[in-house]
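Peer 1: coords please:
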Amino acid sequence: MNNLLDKTIGEIVAEDYRTAEVFGNHGIDFCCKGNRSIQEACTKANIDLAKLTAEVEAILNKGETASYDYQSWPLDKLADHIEQKHHHYVEEKMPILKQYLEKLCQVHGKSHPELFEITRLFTASAGELAMHMKKEEFILFPFVRKMERVKKSGEKITFAQFDTVQSPVRMMMEEHETEGDRFQQISELSNHYSLPDNACNTYRVTFAMLKEFEEDLHLHIHLENNILFPKSIALEKQLS
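Peer 2: Numbering: from 1, shown residues only. Model (predicted):
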């Protein structure tokens, strides 16, 4: 238990992603706010510290490994994975979800006015995420890949758009927190994606997709905030 208390939540999840389910079940943000200790998060949310750590330890003691050992991946491979899997997922699902949400507002908005605010929040998030991902794809990720090449070749690192990788990392993390907050509002407005008694098939599909979208976004942000970004900062210092 002491070992767990010495780490941040983000570090624990980075070492074994299976623990994310435990934190998620207790409503603890492990991605955007993963820089907190378990003790700090439990105190703020009035959660039994011993119970939570016991659940985390039970997961860790199962002896199985996570599906992917992201911690061991080279940073260029991790950046490629984020771009090809998570960025592509967002780009693919955003227009579909916007269309479904607009249809729900037309058909069910009168009896479920919260749908209008959910749609507004998702539309805002979609626009911001589109710009956010392009900044990563054209500015941050190319520099991360460049650092990996420099590490292998032994060349001297040169900077282009920014003085240090910490500058774009800080901006990306701030934007992550904004989107995390938006989806927390969406989850609360939808009563954690609970369906009303009169839910049609479109309602069911839309809420299932929204829930899946949020879960993918949590993993997406976790991989960046808790693994890619701190390792990029450490690699830059190593190469300087």
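Peer 1: show me what whichever helix or strand Glu128 is part of is packed against.
Peer 2: Element membership for Glu128, per DSSP states H and E: helix 114-135. Under the contact definition 3 or more Cβ pairs under 8 Å, 6 or more residues apart in numbering; DSSP states H and E, helix 114-135 sits against helix 88-108, helix 166-189. Quick note: C-beta positions are derived from backbone N, CA and C, even for glycine.
Peer 1: so which of the ones you listed comes closest to Leu4?
Peer 2: helix 166-189 (22.9 Å; Cβ to Cβ).
Peer 1: show me the contacts for Glu175.
Peer 2: 128, 132 (Cβ atoms under 8 Å, 6 or more residues apart in numbering).
Peer 1: going forward can the numbers begin at 23, since that is how I track them
Peer 2: I'll keep to 23 as the first residue from here, and by that count the last item is Glu197.
Peer 1: mind checking how far it is from Ala146?
Peer 2: For Glu197, the distance to Ala146 equals 12 Å [Cβ to Cβ, to the nearest Å].
Peer 1: about what we covered before: and the next helix or strand past the helix holding Glu150?
Peer 2: helix 163-175.
Peer 1: how far is that following helix from where the chain is centred?
Peer 2: 24 Å (Cα atoms, centre = their mean, to the nearest Å).
Peer 1: coming back round to it: pLDDT (mean, whole number) over the helix holding Glu150?
Peer 2: Regarding helix 136-157, the rounded mean pLDDT is 97.
Peer 1: quick one: that helix to helix 163-175, angle?
Peer 2: Computed by axes from the mean of the first three to the mean of the last three Cα atoms, to 10 degrees, the angle separating helix 136-157 from helix 163-175 equals 40 degrees.
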